[in-house]
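[1] Sequence first, predicted model second:
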Amino acid sequence: MFSYAMKRILIGLMTVYAIATITFFAMHAVPGDPLMRAKVVNEVVRQNLETKYGLNQPLFVQYVTFLTNMLKGDFGISFTQQNRSVNDIIREHFPVSALLGLVAIITAALGGIVGGAVAAIRRNQWPDRTIMSLVILFVSVPSFVFAAFAQVGLAEIKKKFGVEILPVAGWGTLAHLILPGLILGLGTMAFLARLMRSSMLEVVHQDYIRTAKAKGVAPIKIFIRHQLRNAVLPVITFLGPAVAAITTGGFVAEIVFAIPGLGRYFVQAVQQLDYTVIMGLTVFYGTYLVIVVIIVDIIYGFIDPRIRIAGA
Amino acid sequence: MTLPRVLNYLKYGIKVALMIEVLFCLGFPSIGYSQLKLKTVTLALSTEPPNLDAGRATDSESFFVLGHSMEGLTRYGKDGNTAPGVAERWTLTEQGVVFYLRADARWSDGQPVVAKDFVFSWRRALDPATASEYSFILYPIKNAELINQGKLPLEQLGAVAKDDRTLEVTFEKPCGYFLGLTAFATYFPIREDLVQRTKDRYASNPESMLFNGPFKLTTWVHGSSLRMERNPFYWNKKNVDVDVIDVPYITPDETARFNLFKTQKIDILGLNKENLSNAQREHFKLRKFTDGTVFYFSFNFREGHLTANKNLRKAIRSVFNANQYVSRIVGIPGTIPGTGLIPAWLNGVNGPFRKEFPLIAVKNDIAMGKQYLAAAMKELKLKSPPSLVWLTTDSPTATKEAEYMQNLLKTTLGIQLKVDKQIFKQRLAKMRAGDFDIVSAGWGPDYADPMTFVDLFTSWNGNNTGQWFNKDYDQHIRNALGTVDTQTRMGEMAKAEKIILEELPIIPTYERTIIYTHSDKIKGLVRRAVGSDPDLTNVKIAD
Amino acid sequence: MSNEQTFSVQEITKLDFELFRPAIKEDSKLSIVRPSLSYWQDAFRRFVANKQSLFAFTLAHVLILFSFVGPFFWTIDPTYQDNTSPSTPPTLGRKAVIVGDAPTFEPKLAKLVETVPANSHTLISSVSNLRVISTPTTQRVLLEWDPNGVGGGYTVYRDEVEPLGDRWGVPVGDIATPQQFNFEDIQTLEDRLYYYTIVTKDFNGEETDKALTIPVQVLNAIDLESARTFVADAKLGAVIDLPAAPLGTDSLGRDILARLMSGGRVSLFIGVFASVLSVIFGIALGGVAGFFGGSIDTVLMRLTDLITGLPFLLFMILLKVVLNVGPGESGITALLISLVVLSWTGTARLVRGQILQLRNSEFVQAARMMGASSGYLIARHMLPNLIGVILVTLTFQIPSAIFTEAFLSFIGLGIAAPATSWGAMCNDAIQSLLTRPYEFFAPAIVISLTVLSFNLLGDGLRDALDPKLRSNE
């Protein structure tokens, strides 16, 4: 197990390195550069800036500098916020995204698994129909729309009745987390519910379930011990990358609810071609993703003992 | 990934876990301050100020914070004129200006603001190592440009602190609008000892800043909130009524801000066209002001671009209906449709420039447009109306604008517009490379003088994207730049503008109008096109 | 079977050949066995028997017909911008009044009766006799009033609801002199009821509370030339019927129903084609990775990590440059490539996970023991058992492809203007979601219906194809 994990981590490092390298060269190949502003920067100033950021060096030299600094854990100073380091940005904003993502993932996982399971057990009856209609609604309508309507609803209630159920926007308290977290998790929840329903349906008629029923095992026990455990595998597979994506990519929720998360910075950085921030966040996100995927592979073994991933 | 990095991530993990625990177990730290009847104005900003270093700031959010927390030699007065700031008086000549600083101007640590704080700040902004993007705005000062190019030492700058309270500025050439410039952020003073102490992190948080303006920044949580409080050392503090400027929300989402205002979480709200109906239904008190920006379509004059043909440009000008464009695309009623390059809010000699130098209104005329097109096709030896490349960006309004223009030119002239949609930086790259026929663009003023607009189309200006070069035009601008006599300056600039409207390197589309509202407790709010906006230093707060 | 080689010939000859007679073919008239059906025959039979699947099948066809055949019946050009009525809510009967070119507006100034002392605030009063000159239309509203001649001029306000106190709506005009007594409003007018207010300003240019309001019902205006396309003998001042807009028009005056049809062709094609491609791609890579395991698994799965880890917006920009999509061109190839590249990873992960589970299950082990080839194992044992997961991902790829297409088109990589798609219509309408929700609901509903039909189809197919469910009938 230990050697397997070490091997995976080593390969993971190589994956991150590849992600970083490809992104680095792609970023420089894209037209435009971080020093390009809406108003033309005077030639002298531009040269001064290029020297300051080392952009006047040959690309390969810049690449080597980037790698050396990355190994030291230093991604440099942002181009758009010239007195903040990329590390500061990650340190200050990732906890926010992570917290928001956590709420989203918990809602999505619980809602998805329970919803999907209920739909499967009550197949073609009203709970199934309701849940599946909601699922279709949540995947066919962009989450922004739910966010906007929820926010308007809250504002309307606050104005009409003077009661503040949840804050309209902002960050700082538990109440600020609930709505954005829920909205962020909606799409994932819908997919998980659908996935769960499908794999549950395959499981409910299996021989061992029938056997268990015949033996008089309590339905709830059958559900948890046999059905859930056998059906949850695709959910776990999907959940892994989803965790990574949600905790770093709550862009829409962050904008609509004025939340200082990392997702905004990533989108902005690409639009602004903020080289240092793009690289910092890509490497950070890549590392995070690789770790989550390794964990998922390890969890496979626990959920289904039949699975042994090669080399383990 | 090195071990320290792994540990770092672990640390974040623990931090997140702790945050959650704290949140769930201890309840939430209440953000409500025990208010001792502080007069607070609460705002939402659309983005966070990227850089509060006065020497390097370039954007309106930073200018808003700096405009309230810092003060230059002059400041923008209520009616857009310059008022005394740190300097209580001055003497302006063709050769330069001498500022006399007031004795009671102080930094937020109690030290006096002295002439050398300005000299240091300006030298620093011009220092190639600082790489300030707005350094060019200091170029009217003698030797500034050469210093910025690294060709002269910093000490050669034509700004000398004669003593603590006398600052002598020598001009490179006469500069009629210099007193307007000294209210601009790049001209604000900076304390040398502070910069030396904080180095690269200068102005990255309230602790690494000092303030000489009406307010001081007390908290700044990046991306989330900031707060400014009354500066007890400000010389004119008795005329400042607001105690606290609180910015607890930072979001570009218009609807979110609308809802925040509706629930009385913020005091000032700008309205986009989509929220305008709702604002009327909510009975908000709506006001308007112009933010100074002028929008236009810019034609490409580079080799091989059909738009270099004057008749083709005239054809497009003839079918363009600015009022319909405002109704369909801009959607803000009361917007001033584009007439010329110099917007209506700028002053000329004694009153509005537009009044003193009126323009002949252009009426849209499709039949005329078709004639111009026929002439253009003859000159260009074309058998059918040409197809042109329309460079635009990825915003909803830009998309709609492109589709509107595509339809307009097709139905009236038969010209096919090929829409080239690019993300912000890629659009800039294409603009700079001249890879377009027509591009929709806008220009916001750097200072309150028509020069900030007319300078744009000189052959030496890098922002002349279409590369339209006209000798007469250049000459008029040179004439205007060579004098401090307002009458001559304005006259020359008006002549230059006439050339623009005749030669049509651009088609002006509109001057941006902002409709906004604020809570009833704020009285006397000033909105302006240049400098820090909204200006809360002069407002009164009703109890 | 290679084992046969180990039997010696002698052993075989020892056997009594009498034991091996051909079996007698009995007439099984007593057939309690269901007809022997092949896997696919059985699947088809079950699919057709399922009402839900038939409904979904029909719905999918209705959507396809709507998009492809609809334009033959609803012949309005989806790119036609009707300047008379932008942003019209769904309506069957629109009317418009025919107007000519409006004369150029000239401010009218009253003669100053007497010079007023600068601080005679008591003389400031509201205007009187505020009235509308000629028919107020969306082309222009012309107001006149009797001026008071005192003060710093007027502000003209326009309100969509009845003013409340000093909340007069949107300031649409500033008049600098108190002598002027007319005003022309020509911007952003809609055919609705407005309340116009003239507020008198004091000598400092500040608004006073002296105001006069009138309601003005604005009518749709149409110019003579456009009107003649509907009514041959149209005359100035006449009111004519405009063609119905059953789903309304967008902010540029384009018919939403027509756009929905033309957008459907793009969205259905992209939604289905890109999804199927990406799922096939995902199944192939995930299947190979899971089935063969080892270093193949490592390489392929790290490749998925790599793709997931790359900042996709950046690569979309790069892809546009690399594929050299010129201005005004619809880069369908670029679009398909990016959609497939973006979305195969999820399917690949899921398929791989399932195959890992199946690979060691009893029936696969048994088949393997019996010497089944890899291809046979995958085709006969693995794929049918994967059908559930595959169909779920396929169903979900559809809305995601539709919206990704819209996003890519929005950043200039995809369908070029003036062509549109359902996703793009949704994105456009999101801007005005709260003011004109009908613009959003039309495309959102058809996207939901598409997802619904494919979801139910997927369910039906799964029920039909999944071997685990076969025994339950």
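    Sure thing, it's come through. Residues are numbered from 1 along each chain as shown, chains lettered A, B, ... in the order given.
[2] And the contacts of the lowest-mean-pLDDT helix or strand in chain A?
    Least confident helix or strand of chain A, by mean pLDDT, DSSP states H and E, is helix A:229-231 with a mean of 77. By C-beta atoms under 8 Å, 6 or more residues apart in numbering or on different chains, the residues outside helix A:229-231 that reach it are A:117, A:120, A:196, A:199-200, A:202-203, A:206, A:303-304. Backbone N, C-alpha and C define where each C-beta goes, glycine included.
[3] Repeat the analysis, applying 6 Å as the threshold.
    Residues outside helix A:229-231 that contact it (C-beta atoms under 6 Å, 6 or more residues apart in numbering or on different chains) are A:199-200, A:203.
[4] Now do the buried residues in it.
    Buried positions in helix A:229-231, judged by neighbour count with 16 or more other C-beta atoms under 10 Å in any protein chain shown: A:230-231.
[5] Can you list the residue ranges for strands in the stretch 401-543 of chain B?
    B:416-422, B:438-443, B:506-518, B:522-523, B:540-541 (DSSP state E, counting those that start in this stretch).
[6] Quick one: list the elements packing against the second one.
    Contacts of strand B:438-443 with other secondary structure elements, assessed using 3 or more C-beta pairs under 6 Å, 6 or more residues apart in numbering or on different chains; DSSP states H and E, are made with strand B:287-299, strand B:387-393.
[7] same thing but at 8 Å, please
    strand B:287-299, strand B:387-393, helix B:396-413, helix B:424-433 (3 or more C-beta pairs under 8 Å, 6 or more residues apart in numbering or on different chains; DSSP states H and E).
[8] mind checking which of those is nearest chain A?
    Distance to chain A, taken as C-beta to the nearest C-beta, is lowest for helix B:424-433 among the helices and strands packed on strand B:438-443, at 3.4 Å.
[9] Work out the gap between the closest one and the centre of the chain.
    Offset of helix B:424-433 from its chain centre (C-alpha atoms, centre = their mean, to the nearest Å): 20 Å.
[10] Name the surrounding residues that touch that helix.
    Under C-beta under 8 Å, 6+ apart, the answer for helix B:424-433 is A:30-34, A:36-38, A:40, A:271-273, B:391-394, B:420, B:422, B:436, B:439, B:441, B:465, C:317.
[11] For ChimeraX, what selects the buried ones among these?
    Listed next is the ChimeraX selection for buried residues among these, using 16+ other C-beta under 10 Å:
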select /A:30,31,32,33,34,36,38,40,271,272,273 /B:391,392,393,394,420,422,436,439,441,465 /C:317
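[12] what's the burial count for the single nearest residue of chain C relative to chain B?
    With C-beta to the nearest C-beta as the measure, C:Gly328 is the residue of chain C nearest to chain B, at 2.7 Å. Other residues near C:Gly328 come to 18 when the count uses other C-beta atoms under 10 Å in any protein chain shown.
[13] Can you name the residues that contact the nearest residue to it once chain neighbours are set aside?
    Of all residues not flanking C:Gly328 in the chain, B:Lys418 sits nearest, at 2.7 Å (C-beta to C-beta, 6 or more residues apart in numbering or on different chains). By C-beta under 8 Å, 6+ apart, the contact set of B:Lys418 is B:387-390, C:326-329, C:416.
[14] Just the buried subset of the residues you listed, please.
    If we count by 16+ other C-beta under 10 Å, the contacts of B:Lys418 have these buried: B:387-390, C:327-328, C:416.
[15] For residue 287, which non-adjacent residue is spatially closest?
    With no chain named, the answer covers chain A. Take A:Thr287 and drop its neighbours on the chain: the residue closest to it by C-beta to C-beta, 6+ apart is A:Val16, 5.3 Å away.
[16] oops, chain C please
    C:Gly287 sits nearest to C:Val351 (C-beta to C-beta, 6+ apart), 5.5 Å away.
[17] Settle this for me: that neighbour is touching C:Gly290, isn't it.
    Yes - judged on C-beta atoms under 8 Å, C:Val351 makes contact with C:Gly290 at a distance of 6.6 Å.
[18] What parts of the stretch 301-450 of chain B come near chain A?
    When proximity is defined as C-beta under 8 Å from any C-beta of the partner chain, the stretch 301-450 of chain B approaches chain A at B:423-426, B:428-430, B:432.
[19] Filter those down to the buried ones.
    In those, burial by neighbour count holds for B:423-426, B:428-430, counting by 16+ other C-beta under 10 Å.
[20] in the chain, what spans have low per-residue confidence?
    All of this is about chain A. Where chain A drops to pLDDT under 70, the residues are A:1, A:249, A:305-312.
[21] Actually, chain C is the one I wanted.
    C:1-37, C:112-121, C:466-473.
[22] So which residues of it form strands?
    Counting by DSSP state E, chain C has strands at residues C:94-99, C:128-133, C:141-146, C:154-159, C:170-175, C:182-185, C:193-201, C:207-217, C:221-223, C:239-242.
[23] which of those is buried the deepest?
    Among those, judged by mean count of other C-beta atoms under 10 Å in any protein chain shown, the one packed with the most neighbours on average is strand C:154-159 (a mean of 25).
[24] Please report how far A:Asp274 lies from chain B.
    From A:Asp274 across to chain B, the span is 10 Å (C-beta to the nearest C-beta, to the nearest Å).
[25] Contacts only, for that residue.
    Going by C-beta under 8 Å, 6+ apart, A:Asp274 touches A:34, A:78-80, A:268.
[26] Provide a list of residues in contact with the closest residue to it other than its chain neighbours.
    Nearest residue to A:Asp274 in three dimensions, chain neighbours excluded: A:Phe79, at 4.5 Å (C-beta to C-beta, 6+ apart). By C-beta under 8 Å, 6+ apart, the contact list for A:Phe79 reads A:34-35, A:53, A:272-277.
[27] Can you tell me how far A:Phe79 is from chain C?
    15 Å.
[28] Which of the three states applies to that residue?
    For A:Phe79, the assignment made with DSSP: H, G, I helix; E, B strand; the rest coil gives coil.
[29] Neighbours of B:Asp163, how many?
    Based on other C-beta under 10 Å, the number of other residues close to B:Asp163 is 10.
[30] Mind listing the residues bridging to it?
    B:Thr166 (DSSP bridges).
[31] Dump the strands of the stretch 401-543 of chain B into TSV; add mean pLDDT as well.
    Shown next, in TSV, are these (pLDDT from 0 to 100):
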stretch	mean pLDDT
strand B:416-422	91
strand B:438-443	92
strand B:506-518	94
strand B:522-523	92
strand B:540-541	91
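[32] For B:Ala57, which of the ones you listed is the nearest?
    Comparison of these against B:Ala57 by C-beta to C-beta identifies strand B:438-443 as nearest, at 18.9 Å.
[33] Report the angle between the closest one and strand B:506-518.
    Orientation note: strand B:438-443 sits at an angle of 50 degrees relative to strand B:506-518 (axes from the mean of the first three to the mean of the last three C-alpha atoms, to 10 degrees).
[34] what does strand B:438-443 rub up against?
    Outside strand B:438-443, the residues that touch it by C-beta under 8 Å, 6+ apart are B:293-300, B:307, B:316, B:388-392, B:398, B:401-402, B:417, B:427, B:431, B:453, B:456, B:463, B:465-466, B:509, B:512.
[35] From the chain's centroid, how far away is that strand?
    Worked out by C-alpha atoms, centre = their mean, strand B:438-443 lies 16 Å from the chain centre.
[36] how about the helix or strand harbouring B:Lys378, does it reach chain C?
    Assessed by DSSP states H and E, B:Lys378 sits inside helix B:366-379. No - if you take C-beta under 8 Å from any C-beta as the test, helix B:366-379 misses chain C, and the best it gets is 10.0 Å.
[37] So B:Lys410 versus C:Phe410, what's the distance?
    Distance, B:Lys410 to C:Phe410, using C-beta to C-beta, to the nearest Å: 22 Å.
[38] Have a look at those two and say which one is more surrounded.
    Ranked by neighbour count (other C-beta under 10 Å), B:Lys410 and C:Phe410 place C:Phe410 first, with 20 against 17.
[39] mind listing what that one touches?
    B:394, B:399, B:421, C:424, C:427.
[40] I'd like the distance between it and B:Leu428.
    Relative to B:Leu428, C:Phe410 is positioned 18 Å away (C-beta to C-beta).
[41] which residues touch C:Asn204?
    Listed by C-beta under 8 Å, 6+ apart, the contact set of C:Asn204 reads C:Gly152.
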